[in-house]
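Engineer: Fold the stuff below for me.
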Amino acid sequence: MDWESLSAEKVFAKCVKAFRDSLSEQDRLYFRDFSSADEMLAELKLDLANLKIHKADDYTRRVVIFTDAMAPYFDVVNAFVQVKPDVMGCLWGSLLLILRVSIIWHNYSGFFDKVTQMLEDISTSLPHYRQHLESCRSSEHVKKDGLVKALCLVYTDILEFVRQILVTLMTLRQVYLVLDGVDECKDQQMMQYCA
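Structural biologist: Numbering: from 1, shown residues only. Below is the predicted model:
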């Protein structure tokens, strides 16, 4: 991406568009934005309860750690960049999409476990945005261009991480379809949870 010619608002919008454009037709049926992390978490908890997923509380805890780490990130983003609500909504929707695909299509508790563990690991690697928010707002010496660029890079990297997981899951799905034939039951189950 050409950072010099794009405003931060356009970088975020471009990331969202690139992610949406990368979704297959089928994924677009299952994907939706969420107005908040709490709304996404409520649906995740419902999915896990309906599917009777073992260790659902552990998985949910890991995702909550990630969403809690992202909340101050978005506070900082909103302090310096006027982003549209679909920027956050896309991130929460993309997370639920990969979690749903991994548990419904692949019944991969091991894969699901690894994805939620990676989200927890990402959380611990993120800077402590809340601690820096006030000092950034009050300081005239903060290089806002550099800060905004860093914020854009974090968002871009997280969406790319999610996209790569989705590509992996869809590739595995295609392999299983070839080996086992079409599994319409899984499609119906996925549609039920994404309606």
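
Engineer: residue boundaries of the helices in the protein?
Structural biologist: 8-22, 25-30, 37-50, 56-80, 85-100, 109-125, 129-138, 144-180, 184-194 (DSSP state H).

Engineer: Need those in a markdown table (columns: mean neighbour count).
Structural biologist: C-beta here means a position set from N, CA and C on the backbone, and glycine is covered the same way. Formatted as a markdown table, the helices of the chain follow (neighbours: other C-beta atoms under 10 Å):
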| stretch | mean neighbour count |
| --- | --- |
| helix 8-22 | 17 |
| helix 25-30 | 14 |
| helix 37-50 | 16 |
| helix 56-80 | 17 |
| helix 85-100 | 22 |
| helix 109-125 | 16 |
| helix 129-138 | 13 |
| helix 144-180 | 15 |
| helix 184-194 | 14 |
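
Engineer: Among those, show the one with the smallest mean pLDDT.
Structural biologist: Lowest mean pLDDT within those: helix 184-194, a mean of 52.

Engineer: Do I have it right that Lys14 meets Ala8?
Structural biologist: No - using C-beta atoms under 8 Å, Lys14 is not in contact with Ala8; the gap is 10.5 Å.

Engineer: Next one: Met118 relative to Ala49, how far apart?
Structural biologist: 23 Å (C-beta to C-beta, to the nearest Å).

Engineer: actually Asp33, sorry about that
Structural biologist: Applying C-beta to C-beta to Asp33 and Ala49 gives a distance of 23 Å.
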